[in-house]
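>>> build the 3D model from these lines:
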Amino acid sequence: MSRGMSGALLLLAFVVVATSKWRVVAELHHVVGGDRGWDPDSDLLSWSNHRVFRVGDQIWFTYSVAQGLIAEVESREEYEACDVRNPIKMYNEGLHTVPLEREGIRYFASTDPQNCKTGLKLHLHILPKDHDHHDNAPPVTKIVEAVAPSTPSSAYSLSYHYCHGTILALVLMFFVTMLLA
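Below is the predicted model:
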């Protein structure tokens, strides 16, 4: 093997190792409840259990104001008791975007007591932007990945774990090999 080819392979090995830990995590728009939106017939717990929320994502509430408003509450106790008397914020427009700007847990509940008690409430565990949800994430409710509100039923993921770096390394190897040949 020529000295140039050995150098190219060494460079390739370095690039593959260096980039294999890279990953790109895009900010996502999550339509709460998917196609049904924020609705008493939605199974928000099931919907949220298959999702991951990260800092920088946004959630979209779509709902009928006639069925009650949405209150963001401070504590797990208020959330579990459907106590919306002292909300952090009220959402009352039928369509609302909520940016997820910090890590932690956020609680949302229907202001209609009956709807809330039958499950029209949501708690989110928001992970850091660069957190890999395959790490040891706490066993709590996760999030929805869906496109803009014009097509709330289509879901997509823009997270490219490790594969992106490997492809980049292979492309770089090809060009380096061609230059040194």
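>>> going forward, measure contacts between C-alpha atoms and count neighbours the same way
Fine.
>>> from Ser48, how far out is Lys129?
18 Å (C-alpha to C-alpha, to the nearest Å).
>>> strands of the chain, start to end?
Secondary structure of the chain by DSSP state E: the strands cover 23-24, 29-31, 53-54, 58-62, 70-73, 89-91, 95-99, 104-110, 121-127, 160-161.
>>> tell me which of those strands lies nearest to Cys82.
Closest to Cys82 of the strands of the chain, according to C-alpha to C-alpha: strand 104-110, at 6.5 Å.
>>> give me the residues contacting that closest one.
Under the contact criterion C-alpha atoms under 8 Å, 6 or more residues apart in numbering, strand 104-110 has outside partners 68-76, 79, 82, 84, 116, 120-127.
>>> among the strands of the chain, which is nearest Asp43?
strand 121-127 (9.6 Å).
>>> now do the closest one, average pLDDT.
What strand 121-127 shows for mean pLDDT is 95.
>>> in its sheet, what does that strand sit against?
According to DSSP bridges, strand 121-127 forms sheet pairs with strand 53-54 (parallel), strand 104-110 (antiparallel).
>>> among the ones you listed, which is nearest Val31?
Distance to Val31, taken as C-alpha to C-alpha, is lowest for strand 53-54 among the strands paired with strand 121-127, at 11.6 Å.
>>> pull out the buried residues from stretch 115-124.
Using 16 or more other C-alpha atoms under 10 Å as the test for burial, stretch 115-124 gives 115-116, 119-124.
>>> run a quick neighbour tally on Gly34.
When neighbours are counted by other C-alpha atoms under 10 Å, Gly34 registers 25.
>>> just to revisit the earlier point, of the buried residues of stretch 115-124, closest to Ser42?
Distance to Ser42 across the buried residues of stretch 115-124 (C-alpha to C-alpha) is lowest for Leu120, with 7.6 Å.
>>> and the closest residue in space to Gln67 that isn't next to it in sequence, how far from Ala71?
Of all residues not flanking Gln67 in the chain, Asp112 sits nearest, at 7.1 Å (C-alpha to C-alpha, 6 or more residues apart in numbering). Using C-alpha to C-alpha, Asp112 is found at 10 Å from Ala71.
>>> these two: which has the busier surroundings?
Between Asp112 and Ala71, counted using other C-alpha under 10 Å, Ala71 has the larger neighbour count: 25 against 17.
>>> beta partners for that one?
The partner residues for Ala71, given DSSP bridges, come to Met90, Ala109.
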